[in-house]
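In: fold the following, please.
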Amino acid sequence: MDNFQKEIDERTNLTSSNKFELLLFRLGPATQGAESELYGINLFKLREIVPMPSLTKAAGMKPPMMGMVNIRGQVIPVIDLPALLGCEPSTGLNILLITEYARSTQAFAVESVDDIVRLDWSQVLAAENGVNSTYITSIARLDADKSSNRLALVLDVE
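Out: Residues are numbered from 1 along each chain as shown. Predicted coordinates for the structure are as follows:
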């Protein structure tokens, strides 16, 4: 029980230690035959992760909206995140990332979830150069080593 309490204390004190947690996920390759890019979302914006349920489509709904789901009595719109970012999932859209911010709840369909990493804010770089997406706000260096090529594109889902 002490380890569990210690982990809770660490999570609640992340901001005071200049750290944050990033959920890493994949959307599929951006081009045919390319490796699937690694994306990340700040864990504080995530409410839950669920397997892809059946969707209900509303009349006149246009992409990237996929439909709506009923999760625990709440109807939530589902957004096709790979389509929004120009990716093509090779194994399908298998997971929903349900986010909550500014009293708004929405779900993003993704191909797979990889990991949760704890990073220092100094490992996050501005994405203003070389990234052609309004949804990608930064690039996270996943290793503390500055020469590492292990990177994740960080999405701003707001």
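In: could you find the closest non-adjacent residue to Y101?
Out: Spatial nearest neighbour of Y101, chain neighbours left out: K45 (5.3 Å); criterion: CB to CB, 6 or more residues apart in numbering. No exception for glycine: its C-beta is placed from N, CA and C like everyone else's.
In: what residues are up against L46?
Out: Each residue near L46 by CB atoms under 8 Å, 6 or more residues apart in numbering is listed here: 23, 97-100.
In: and those, which are buried?
Out: 23, 97-99 (16 or more other CB atoms under 10 Å).
In: and those residues as TSV, adding secondary structure, pLDDT and distance to R72?
Out: Shown next, in TSV, are those (DSSP: H, G, I helix; E, B strand; the rest coil; pLDDT from 0 to 100; distance: CB to CB, whole Å):
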residue	secondary structure	pLDDT	distance to R72
L23	strand	97	20
L97	strand	97	16
I98	strand	97	10
T99	strand	95	15
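In: ok, the residues you listed vs I71, which is closest?
Out: The shortest approach to I71 among those belongs to I98, at 6.6 Å (CB to CB).
In: separation between the closest one and T105?
Out: Per CB to CB, to the nearest Å, I98 is found 7 Å from T105.
In: and L43, by the same measure?
Out: L43 is 16 Å from T105, by CB to CB.
In: with Q123 instead?
Out: 29 Å.
In: those two - which one has more neighbours?
Out: Using other CB atoms under 10 Å as the criterion, Q123 and T105 rank with Q123 on top: 21 against 14.
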